[in-house]
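Colleague: What shape does this take:
(one chain, ligands or ions: 1)
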Amino acid sequence: MGTIHRVVFGDCRTMKEIPDQSIQLTITSPPYYNAPFDYPGLFRDYNEFLTLIEDLCRDLYRVSAPGRIACFVTDDMLVKGEKYPVVADTTRLMLQAGFRYRDRVVWVKPKGYVRISRRSGVVVQHPYPMYYYPDNIQESILIFQKGRFDYSYVKDMPAKILEKSRISMHDYNDHEWHLTVWNNVLPLGPRLEKGIAAFPEEIPKRLIKLFSFHGETVLDPFLGSGTTMKVAQELGRNSWGYEIDRGLKKIIAQKLANDHQSDSKVEFRFRQEPRKSRPTVPCKHLTAHSS
Ligand SMILES: C[S@@+](CC[C@H](N)C(=O)[O-])C[C@H]1O[C@@H](n2cnc3c(N)ncnc32)[C@H](O)[C@@H]1O
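Modeller: Numbers count the residues shown, from 1 in each chain. Next up is the predicted model:
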C-alpha cells in the first residue's frame, strides 16, 4: 500500500490544510525556548513561546481523531541562569485545549551527554549547601489523548492491518519499551541534522508502533529535518509535517528519498505567508535537545 507524505512550509499555529479529526498520532518536538545553541533569541520572551504552544494545541485538538494520541518531546529550559517550566506549561496548555494527560516517559541520555551547561561543577568549587545545580541528561516525552479510545475499532480491523501493526515482544520487553524511563535511546551523532535539534529515529519509531496502526496518519507540526516523517514512511504510515524554515527542504527531501522499498509519494507545499527561518547559529554541536 502506498503512503503519502505532505510537507507544508508554513506556521503550524493554523494547520488549515488538514481536515478535522484526520490525524491518528502526533509526534513533535517544539523549538527549545531560546536554547542558547539552537534557538537563541527566537522568541521575544517566554510568553511569546507559550502563545505559540497554546495556538498549536488548539488546532491540534481540531485535527486529532477522537481517542488518539499527541506526544511532545521537550524539556524545561535553562536560559541565562533562569529555568523555564516548559514541561508543566505544555501540559497545562494541552489540558486547556481539551486533551487528557496520559503519561510521561523520561528519555535518559548517556551520562556524558550534557550539552548546554555543566552546572554541577559549582559544588566542586564551593562544596557547601546551596551551590547545587544538577546537569540535565533527560528529556520528557509527554503523552496526551483526545478523549478515550474505542477499542472495538481494533476488534473490527482487517486481520492484515492488525498483523502489520503488531508490536514485537522482543522490542517491548528486551529493549524496555514497557518502562516510563527509556535509557537505551542514544542521541544522534553529527549528521544531516546538525544544528536542527533533531531527535533520534528511535523515538518516533517507538511512538508510531505503540500508538498508530499501519496505514494511519502521523503529524509533526515542528518537522525540522523530517525525522518523524521518515520513520512514518518506513513504517507504512501517511504523514503531515509543518516547518517554517524553507531552508530545510533539501534535508527533508534527502531523508525521505532514502526509503527505496515503500511505494510512497512526497508532496511539498509553500504557504503564501511572510518567510521565516530559524536564526542562523554557528552550531558546532551534534544535535538535539535542551540543557
Ligand atoms: C526542535 S526542532 C524539530 C526537530 C525535529 N524533531 C527533527 O528531528 O529534525 C523544531 C523545529 O520547529 C520549527 N518551527 C519553529 N516555529 C515553528 C512554527 N511556528 N511552525 C512550524 N515550524 C516551526 C523550527 O524551524 C525547527 O526546525
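
Colleague: Check which helix or strand the residue of the chain found nearest the ligand maps to.
Modeller: At 2.5 Å from the ligand, G224 is the closest residue in the chain, using Cβ to the nearest ligand atom. Any C-beta I mention is one placed from the backbone N, CA and C, and that applies to glycine too. G224 belongs to no helix or strand when assigned by DSSP states H and E.

Colleague: List the residues that contact it.
Modeller: The contact partners of G224, taken as Cβ atoms under 8 Å, 6 or more residues apart in numbering, are S29, E193, I196, A197, A198, E243, L248.

Colleague: what about the residue nearest to K209 when sequence neighbours are not counted, is that helix, strand or coil?
Modeller: Distances taken as Cβ to Cβ, 6 or more residues apart in numbering put I167 closest to K209, at 5.7 Å, once the chain neighbours are dropped. For I167, the secondary-structure state derived from DSSP: H, G, I helix; E, B strand; the rest coil is coil.

Colleague: For I167, grab the count of nearby residues.
Modeller: I167: 11 surrounding residues under other Cβ atoms under 10 Å.

Colleague: Check A88 too.
Modeller: A count of neighbours around A88, defined by other Cβ under 10 Å, yields 10.

Colleague: Wait, the residue nearest to K209 touches L210, no?
Modeller: Yes: under the criterion of Cβ atoms under 8 Å, I167 makes contact with L210 at 6.7 Å.

Colleague: how about the residues of the stretch 1-150 of the chain near the ligand?
Modeller: Within the stretch 1-150 of the chain, the residues that sit near the ligand (Cβ under 6 Å from any ligand atom) are D11, C12, R13, S29, P31, L52.

Colleague: try 8 Å
Modeller: 10-13, 28-32, 38-39, 42, 52, 56, 73 (Cβ under 8 Å from any ligand atom).

Colleague: Drop anything exposed from these.
Modeller: Buried by 16 or more other Cβ atoms under 10 Å: 10-12, 28-32, 38-39, 42, 52, 56, 73, out of those.

Colleague: Now do the contacts for K249.
Modeller: For K249, the contacting residues are V7, F9, F268, by Cβ under 8 Å, 6+ apart.

Colleague: could I get these as JSON lines with distance to R119, secondary structure and pLDDT?
Modeller: What follows is these, written out as JSON lines (distance: Cβ to Cβ, whole Å; DSSP: H, G, I helix; E, B strand; the rest coil; pLDDT from 0 to 100):
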{"residue": "V7", "distance to R119": "38", "secondary structure": "strand", "pLDDT": "98"}
{"residue": "F9", "distance to R119": "37", "secondary structure": "strand", "pLDDT": "98"}
{"residue": "F268", "distance to R119": "42", "secondary structure": "strand", "pLDDT": "98"}
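
Colleague: from the residues you listed, which is closest to I137?
Modeller: Lowest distance from I137 to these (Cβ to Cβ) belongs to V7, with 31.9 Å.

Colleague: Would you check that that closest one makes contact with K265?
Modeller: No: with contact defined as Cβ under 8 Å, V7 and K265 do not form a contacting pair (11.6 Å).

Colleague: for N184, helix, strand, or coil?
Modeller: Assigned by three-state DSSP, the conformation of N184 is coil.

Colleague: Could you report the pLDDT at it?
Modeller: Predicted confidence (pLDDT) for N184: 78.

Colleague: and what of the one 4 residues further on?
Modeller: With respect to pLDDT, L188 has a value of 69.

Colleague: hang on, the earlier thing: for the contacts of G224, give me JSON lines that also has secondary structure.
Modeller: JSON lines is the format used below for those (three-state DSSP):
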{"residue": "S29", "secondary structure": "coil"}
{"residue": "E193", "secondary structure": "coil"}
{"residue": "I196", "secondary structure": "coil"}
{"residue": "A197", "secondary structure": "coil"}
{"residue": "A198", "secondary structure": "coil"}
{"residue": "E243", "secondary structure": "strand"}
{"residue": "L248", "secondary structure": "helix"}
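
Colleague: Looking at the residues of the stretch 1-150 of the chain next to the ligand, which are in strands?
Modeller: Among those, the members found in strands (DSSP state E) are T28, V73.
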